[in-house]
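# I need the structure of the sequence given here:
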Amino acid sequence: KEILGRIPYYFPFIEYHLKKAGVPEELKYITVIESAMNPHAVSKSGAMGLWQFTKNTAAKHLKMKISPIFDDRRDHYESTRNAIKYFKELHGIFDDWLLAIAAYNGGPGTVRQAIRKAGGGKKSFWTISRYLPVETRNYVPAFIAVVYLNKYAKEHYISPIYPDSYHSFLHPNNIQKVNLSGPLSFNTISEHLGISMKKLVFLNPD
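Here you go, the predicted model:
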């Protein structure tokens, strides 16, 4: 219910970029499975952000910026842009979106190995699933279940619980970029623009 309540804030932004990139809009539901749409989520393995990138995948493979000051994995725009980039890469390898989703969870090497065990050649997720680790084997069905439940929530009497307040919506039409000549603290911004510190932190999880 709480996750349904976060959809009006996060999905318009994610949908915009998925459509712009020409990839399936349903990929937005990966953020539900990975982080429950919480940019501050951190897994036991250290994966972080809406799309739960590990430090190795983010910094080494996708060249995302990670420092003691900020982390692109928590940034709405950078994490979504790189998730799309990574999904395009995975789809280019397997030419199948369900296999790309499985590879997003278990890694392309894991999926390749399962394909080899299943006899090689062009294979579907369902053909190779029994050769995948349990977590990855269950990941795609979980994705399908989340898509279904979000689409038919009313039919199952599931009502969203909205947060106390969302300070802003992330759709690009509501965002304006401002270039700064140097560092600017949240305290200064809060004081001069009359924006609460809570609001600034909420809008800038990175």
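# does the residue nearest the centre of the chain lie in a helix or a strand, and which?
Centroid-nearest residue in the chain, with Cα atoms, centre = their mean: residue 51, separated by 2.8 Å. For residue 51, there is no host helix or strand (DSSP states H and E).
# phi, psi for it please.
phi -100, psi 0 (degrees, to the nearest 10).
# gap between the closest residue to it other than its chain neighbours and residue 53?
Leaving aside its sequence neighbours, residue 51 sits nearest to residue 83 (Cβ to Cβ, 6 or more residues apart in numbering; 4.2 Å). Where C-beta positions appear, they are placed from N, C-alpha and C, glycine not excepted. Distance of residue 83 to residue 53, given as Cβ to Cβ, to the nearest Å: 8 Å.
# how deep is residue 69 tucked in, by neighbour count?
Residues within reach of residue 69, counting by other Cβ atoms under 10 Å, total 8.
# can you give me the pLDDT of it?
Looking at residue 69, its pLDDT stands at 85.
# where in the protein is pLDDT low?
Applying pLDDT under 70 to the chain picks out residues 1-2, 152-154, 156-172.
# if we use 80, what do you get?
For the chain, the stretches with pLDDT under 80 are 1-8, 150, 152-177, 202-203.
# what secondary structure does the residue nearest to residue 50 when sequence neighbours are not counted sit in?
Among residues not flanking residue 50 along the chain, residue 31 sits closest, at 4.7 Å (Cβ to Cβ, 6+ apart). Three-state assignment for residue 31 (DSSP: H, G, I helix; E, B strand; the rest coil): helix.
# my read: residue 31 touches residue 10, true?
Yes - between residue 31 and residue 10 there is a contact at 6.7 Å, judged by Cβ atoms under 8 Å.
# who has more neighbours, these two?
Remark: of residue 31 and residue 10, residue 31 carries more neighbours, 27 against 23, as counted by other Cβ under 10 Å.
# could you measure from the more buried one over to residue 20?
17 Å.
# same question, residue 92
Counting by Cβ to Cβ, the gap from residue 92 to residue 20 is 18 Å.
# next: residue 12.
Applying Cβ to Cβ to residue 12 and residue 20 gives a distance of 13 Å.
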